[in-house]
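In: have a look at this prediction, sequence included:
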Amino acid sequence: MMKVIQRLYSIYGSIVFILTFLVLLPVFAFTIEISGRKARGRKLNRVWSRVFFGMLFFRVRMENLHQFKVKGPYVIVANHFSYLDIPVLGLIPFDLVFIGKSSLGKVPLFGYMFKNLHIAVDRNSLKSRGKSVQRAREALDQGSSVVFFPEGGISSTEPPKMARFKDGAFKAAVDKQIPVIPITLSYNHLILPDDGRFLLRYKPVKVVIHPPVSVEGLGIRGVGELKEKCYRIIQEQLWKDNESLKEK
């Protein structure tokens, strides 16, 4: 019986996701094609996320939002275990440009929005990866914060243990001398696991925003140290939160 309820809840979640997007699509198109104000289009992502999680009755706990002391820009790095990660981060009330896999840009209608407002990258292509980092730098120059998933996609086979981080986000931060904000998405891998079944599990959503990590004075040789520091911050929070969940 519980599996039937879970499947029905997942179907309901999919319908909500699609219908709310279709309602907002004309406004997305307006911001992209006519107004030229893509930051306003990205603001719609926040509206979409709020409606989506509200209609699913999810409780979202966002800790330490005050770490965004000014509007930015920041380089944001987060763990990536679930397709739920982008919608959850979309709740952060600042202009965020996401770097996501190129296949997102090929999804009918949704892909149109994503590749015009965010950055799609083919992680198997050196040229595409280089271009995405350049576009990220341009977004930072325009005052937008950029969200990287430095594991290089959903690549961990044993969450909450992360895969090792790649350098791109940290090179961009050092190059632009912009602080890095690590973010831990504590339970998304339990709510919507990347197991191919697309089954939602009702659990609280927890987002932990860590203090900005300064890159002041760091050069290219400091990228490795910066990368490892951010990795430790996120991974330690993942261990802590998932252990505490087991004890409840």
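Out: Received it, and whenever you're ready, just let me know what you need.
In: from here on, contacts and neighbour counts on C-alpha atoms
Out: Fine.
In: quick one: residues contacting Phe198.
Out: Neighbouring residues of Phe198 by Cα atoms under 8 Å, 6 or more residues apart in numbering: Ser10, Leu192.
In: how does it look with 7 Å?
Out: Leu192 (Cα atoms under 7 Å, 6 or more residues apart in numbering).
In: surely it is within a strand?
Out: No: per DSSP: H, G, I helix; E, B strand; the rest coil, Phe198 lies outside any strand segment and is coil.
In: mind checking how far it is from Leu22?
Out: Plainly put, Phe198 is 20 Å away from Leu22 if you go by Cα to Cα, to the nearest Å.
In: list the beta-bridge partners for Pro182.
Out: Val77 (DSSP bridges).
In: I figured it hits Val75, correct?
Out: No: contact criterion Cα atoms under 7 Å: Pro182 and Val75 do not qualify, at 8.6 Å.
In: so between these two, which is more surrounded?
Out: A direct count of neighbours by other Cα atoms under 10 Å for Pro182 and Val75 places Val75 higher, at 29 against 24.
In: could you measure from the more buried one over to Asp141?
Out: Distance of Val75 to Asp141, given as Cα to Cα: 12 Å.
In: check contacts around the nearest residue to Leu218 once chain neighbours are set aside.
Out: Once flanking residues are discounted, Leu218 sits nearest to Val174: 6.2 Å by Cα to Cα, 6 or more residues apart in numbering. Counting by Cα under 7 Å, 6+ apart, Val174 touches Val215, Leu218, Gly219, Ile220.
In: so the most centrally placed residue in the chain is in which element?
Out: Of all residues in the chain, the one closest to the mean position by Cα atoms, centre = their mean is Ile86, 3.8 Å from it. Taking DSSP states H and E as the definition, Ile86 sits inside helix 85-89.
In: could you measure from the residue nearest to His210 when sequence neighbours are not counted over to Asp194?
Out: Excluding its sequence neighbours, the residue lying closest to His210 (Cα to Cα, 6+ apart) is Pro182, at 5.5 Å. As judged by Cα to Cα, Pro182 and Asp194 stand 22 Å apart.
In: what helices or strands is the lengthiest helix in the chain leaning on?
Out: Ranked by residue count and defined by DSSP state H, the top helix of the chain is helix 2-29. Applying 3 or more Cα pairs under 7 Å, 6 or more residues apart in numbering; DSSP states H and E, one finds that helix 2-29 makes contact with helix 38-55.
In: now the element after the helix it packs on, going C-ward?
Out: Next along from helix 38-55, by DSSP H and E: strand 60-63.
In: for that next one, buried residues please.
Out: Neighbour counts over strand 60-63 (16 or more other Cα atoms under 10 Å) mark Val60, Met62 as buried.
In: what does stretch 170-183 give?
Out: Buried-residue list, stretch 170-183, by 16+ other Cα under 10 Å: 170-174, 176-183.
In: on that earlier part again, in space, what's closest to the residue nearest to the centre of the chain - neighbours in sequence excluded?
Out: Leaving aside its chain neighbours, Ile86 sits nearest to Phe98 (7.8 Å; criterion: Cα to Cα, 6+ apart).
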